[in-house]
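In: Attaching a predicted model along with its sequence, questions to come.
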Amino acid sequence: MNSKVKTVFEQQGIELKLVMKLENNWRNNTLENLEKDKWPHNDFGSFLVRRTQELRRIPLNEFTIEDLRIMIGQQFSLDYLMPLAIEVLTEDLWAEGDFFEGDLLKNVLDVNPEFWRNNKGHWQSIYNLIKGKQDEIKELSFDASKFLKHAPAL
């Protein structure tokens, strides 16, 4: 898509999901396939390094809440993983992986502001889920200020 058309869409607040629209079955694919980027195998390193490499080879429709939490926490493949996280959080805002109630939401709120600037529709979806829930979020000791402070111009 040329940049003029993309700019018109962005100015109108229309989020572009070209890859996902081109592939109706994107959830059946792995991140390696979707991103056309195969990371070299690595037998050393921490559990986190090994697990993120493994997750890149697992179809997205097999991801657990914990898998999403790990990858989003590392800021990996957000274009594909954030829509899945939004679906999970829409069903249960306090969905938890292996650590604590709401750990997926915490990692989503901690995503780099640059992602939110480039994905206004996703920011709006998360904002709609958390508005009116600030007391509950504070009770869990989450800091939503970074997320809220970097609201993209809609």
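Out: Received the coordinates, thanks. Residues are numbered from 1 along each chain as shown.
In: Could you use CA atoms for every contact and neighbour count after this?
Out: Will do.
In: isn't Asn28 right next to Arg57, touching?
Out: No. Asn28 is beyond contact range of Arg57, at 11.2 Å (criterion: Cα atoms under 8 Å).
In: longest helix of this structure?
Out: Taking DSSP state H as the criterion, the chain has its longest helix at helix 78-91.
In: how about it: buried residues?
Out: By neighbour count on 16 or more other Cα atoms under 10 Å, the buried set for helix 78-91 is 78-82, 84-86, 88-90.
In: now, among these, which is nearest to Ile70?
Out: Leu81 (10.7 Å; Cα to Cα).
In: That closest one: what's it in contact with?
Out: Counting by Cα atoms under 8 Å, 6 or more residues apart in numbering, Leu81 touches 68, 71-72.
In: what about 10 Å?
Out: 27, 31, 60, 63, 67-69, 71-72, 75 (Cα atoms under 10 Å, 6 or more residues apart in numbering).
In: quick one, helices of the protein?
Out: 3-11, 18-22, 31-35, 47-55, 65-73, 78-91, 103-109, 113-118, 120-130, 134-139, 145-149.
In: pLDDT (mean, whole number) over the longest one?
Out: Read it as helix 78-91. Helix 78-91 comes out with an average pLDDT of 98.
In: next one: the second one
Out: pLDDT averaged over helix 18-22 equals 41, rounded to a whole number.
In: got it, and the last one?
Out: When pLDDT is averaged over helix 145-149, the result is 90.
In: Does anything pack onto it? Which helices or strands?
Out: helix 103-109, helix 113-118, helix 120-130 (3 or more Cα pairs under 10 Å, 6 or more residues apart in numbering; DSSP states H and E).
In: With respect to burial, which of these scores highest?
Out: helix 103-109 (a mean of 24; mean count of other Cα atoms under 10 Å).
In: What is it packed up against?
Out: helix 65-73, helix 78-91, helix 120-130, helix 145-149.
In: Pass me the low-pLDDT residue ranges in this structure, would you?
Out: For the chain, applying pLDDT under 70 flags the ranges 1-23, 154.
In: OK, contacts around Asp43?
Out: By Cα under 10 Å, 6+ apart, the neighbours of Asp43 are 49-50.
In: The nearest residue to Met71 once chain neighbours are set aside - how many residues pack around it?
Out: Using Cα to Cα, 6 or more residues apart in numbering and skipping the chain neighbours, the partner closest in space to Met71 is Thr52 (6.6 Å). Using other Cα atoms under 10 Å, Thr52 has 15 neighbouring residues.
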